[in-house]
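# give me coordinates for this.
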Amino acid sequence: MDRTPHSPGQSAPLPAAPSAADIRKWRRYLADERAEAAIYRDLAHRREGEEREILLKLAEAEGRHEQHWVELLGGHADKSVRPSPRRILLRFLARSFGSVFVMALAQRAEGRSPYSSEPAATSAMAADELIHEEIIRGLATRGRARLSGNFRAAVFGANDGLVSNLALIMGIGATGASAGFVLFSGIAGLQAGALSMGAGEYVSVRSQRELLNATKPTQISLAAAPDLDLNANELVLLYRARGMSQEAAEHRAAERMGHLDCDCDPSLSLQAPEYYENEYEEIGTGWNAAVSSFCFFATGALVPILPYLFGLQGLAAVLLSLFLVGLALLCTGAVVGLLSGASPAKRAFRQLAIGFGAALATYVLGLAFGTSVG
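Numbering: from 1, shown residues only. Model (predicted):
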């Protein structure tokens, strides 16, 4: 009896009597496919338009994969199995939030598909999973673009506040200064750093938007085109300056001046390239970036001085401060990893190493200055 399921991209025929291990594995695959289909449907309910349609199509594709395992398992498919913890978490997040974080996690889940090395899966299923990862990457990129400007300011603000104020109080504490002086220094560092970060983000974002405005094409050729000489006109140079080839520029110029019959929309030649609009969206606004950076830097800078605010001093205050900052650095690193589609754990520990490395460096300097002063 050939148990190969009837689906595109056939795998090699499988034995009539699969082992108990195979049945357990296929049941898990079935549960995961059902969970992924549900995740995409839940995400689709929070979207509209094109994104909703794409997500529902992905859910249909996962349904085809589900049917493959149902056919392969036969009567063994009746016993339900819980999906993997990752899928359970994704389903909960999709139902509760439906945010770009879920898209980023789904992207990683699709990228870890075992079908490329699974004999019971068809080649079409393995190819589907590869394409699904890229589709989710595209959808996640849209979400990242919508929040990247202010999010960047928030994450870097919080991280800078954590690292700079931890380094500050560690360095001053190592000199032998009193707990009160360490606390005062931490509060001063919080205020100065938050103001500096807010002002810096405002200037940075405003400057970047002004540079983009300066490079954005204008509509002046719309008025000038009718009076230009076709044989000697600068409209071709204009389109070449915007990145077109000589042939394309000549075609567009003739089209613009009414000397060429074309089904194309001639106004397209006068619109700013799409990347300008996307760039604006990703940058955000100056005031939003400034407020985000100020608030999150202040929040991050507050964490290292919390033990001193509650009256702790000496080694106990230092250890608790390191513990709190370490947790916060792990969280910010994991968030950055999630949104970038990279490993959250790797980014979290990288953030932790950088932060503690800076604190250690200033602590050693503080010890050196404290010894020399003494």
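
# so where's this protein uncertain?
Within the chain, the ranges that satisfy pLDDT under 70 run 1-16, 96-101, 142-153, 208-235, 238, 242, 256-285, 338-342, 370-374.

# hang on, Arg34 packs against Trp69?
No - if you go by CB atoms under 8 Å, Arg34 and Trp69 don't touch, sitting 9.3 Å apart. Quick note: C-beta positions are derived from backbone N, CA and C, even for glycine.

# which one's more surrounded, those two?
More crowded of Arg34 and Trp69, by other CB atoms under 10 Å: Trp69, with 24 against 20.

# pretty sure the more buried one contacts Ala77?
Yes - counting by CB under 8 Å, Ala77 is a contact partner of Trp69 at 6.9 Å.

# which neighbours do the two share?
Arg27, Leu30 (CB atoms under 8 Å, 6 or more residues apart in numbering).

# residue contacts, the closest residue to Asp42 other than its chain neighbours?
Leaving aside its sequence neighbours, Asp42 sits nearest to Ala94 (CB to CB, 6 or more residues apart in numbering; 4.0 Å). Counting by CB under 8 Å, 6+ apart, Ala94 touches Ile39, Asp42, Leu43, Val102.

# from Val236, how far out is the third one?
Spelled out, that is Leu43. 47 Å (CB to CB, to the nearest Å).

# how about the strands in the stretch 151-300 of the chain?
In the stretch 151-300 of the chain, no segments count as strands under DSSP state E, counting those that start in this stretch.

# can you give me the helices in it?
Taking DSSP state H, counting those that start in this stretch, the helices of the stretch 151-300 of the chain run over residues 179-215, 220-224, 235-241, 246-256, 274-283, 286-309.

# dump the third one to PDB, keeping only the CA atoms.
In this case it means helix 235-241. Backbone C-alpha positions of helix 235-241 (Å, rounded to 0.1, in the frame of the first residue of the first chain) are rendered in PDB as follows:
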ATOM      1  CA  LEU A 235      13.500  67.500 -20.500                       C
ATOM      2  CA  VAL A 236      15.600  64.500 -21.500                       C
ATOM      3  CA  LEU A 237      18.400  65.700 -19.300                       C
ATOM      4  CA  LEU A 238      15.800  66.100 -16.400                       C
ATOM      5  CA  TYR A 239      14.700  62.500 -16.700                       C
ATOM      6  CA  ARG A 240      18.300  61.300 -17.000                       C
ATOM      7  CA  ALA A 241      19.200  63.200 -13.900                       C
END
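
# next one: it to chain centre, how far?
37 Å (CA atoms, centre = their mean, to the nearest Å).

# in terms of secondary structure, what does that helix contact?
helix 220-224, helix 246-256 (3 or more CB pairs under 8 Å, 6 or more residues apart in numbering; DSSP states H and E).

# show me the contacts for Val203.
Gly286.

# where's it relative to Phe294, distance?
As judged by CB to CB, Val203 and Phe294 stand 13 Å apart.

# thinking again about what came up before, neighbour count winner among Leu43 and Val236?
Ranked by neighbour count (other CB under 10 Å), Leu43 and Val236 place Leu43 first, with 28 against 20.

# helix, strand or coil for that one?
In terms of secondary structure, Leu43 is helix; the call rests on DSSP: H, G, I helix; E, B strand; the rest coil.

# contacting residues around it?
Leu55, Ala94, Gly98, Val102, Met103, Ala106.

# which element is the fifth one on?
In other words, Met103. helix 100-111 (DSSP states H and E).

# remind me what that helix packs against, helices and strands.
The contact analysis (3+ CB pairs under 8 Å, 6+ apart) places helix 100-111 against helix 20-45, helix 85-96, helix 123-174, helix 314-340.

# gap between the longest one and the chain center?
On the basis of CA atoms, centre = their mean, helix 123-174 is displaced by 5 Å from the centre of the chain it belongs to.

# got it, and the second one?
Going by CA atoms, centre = their mean, the spacing between the C-alpha centre of helix 85-96 and its chain's C-alpha centre is 18 Å.

# buried residues, that helix. List them.
Buried residues in helix 85-96, counted by 16 or more other CB atoms under 10 Å: Arg87, Leu90, Arg91, Leu93, Ala94.

# could I get those as JSON lines with distance to Cys331?
Below are the buried residues of helix 85-96 laid out as JSON lines (distance: CB to CB, whole Å):
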{"residue": "Arg87", "distance to Cys331": "23"}
{"residue": "Leu90", "distance to Cys331": "19"}
{"residue": "Arg91", "distance to Cys331": "22"}
{"residue": "Leu93", "distance to Cys331": "16"}
{"residue": "Ala94", "distance to Cys331": "21"}
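
# from the residues you listed, which single one is nearest Ala192?
The nearest member of these to Ala192, counting by CB to CB, is Leu93 at 37.7 Å.

# and that closest one, how far from Arg46?
For Leu93, the distance to Arg46 equals 11 Å [CB to CB].

# separation between the closest residue to Ala248 other than its chain neighbours and Gln246?
Once flanking residues are discounted, Ala248 sits nearest to Tyr239: 7.2 Å by CB to CB, 6+ apart. Going from Tyr239 to Gln246 by CB to CB gives 9 Å.

# can you check Ala38 too?
From Ala38 to Gln246 the distance is 53 Å (CB to CB).

# count of residues packed around Pro119?
Close neighbours of Pro119, defined as other CB under 10 Å, add up to 8.

# show me the domain layout of this structure.
Following the assignment in automatic domain parsing, the chain carries domains at 20-144, 149-209+286-373, 217-271.

# spit out the contact partners of Trp321.
Just to correct that, residue 321 is Ser rather than Trp. Applying CB under 8 Å, 6+ apart, the residues near Ser321 are Leu166, Ile169, Val303, Pro304, Ile305, Leu306, Pro307, Tyr308.

# find the nearest non-adjacent residue to the fifth one, please.
By the measure of CB to CB, 6+ apart, the closest residue to Ile305 outside its immediate chain neighbours is Gly186, 3.6 Å from it.
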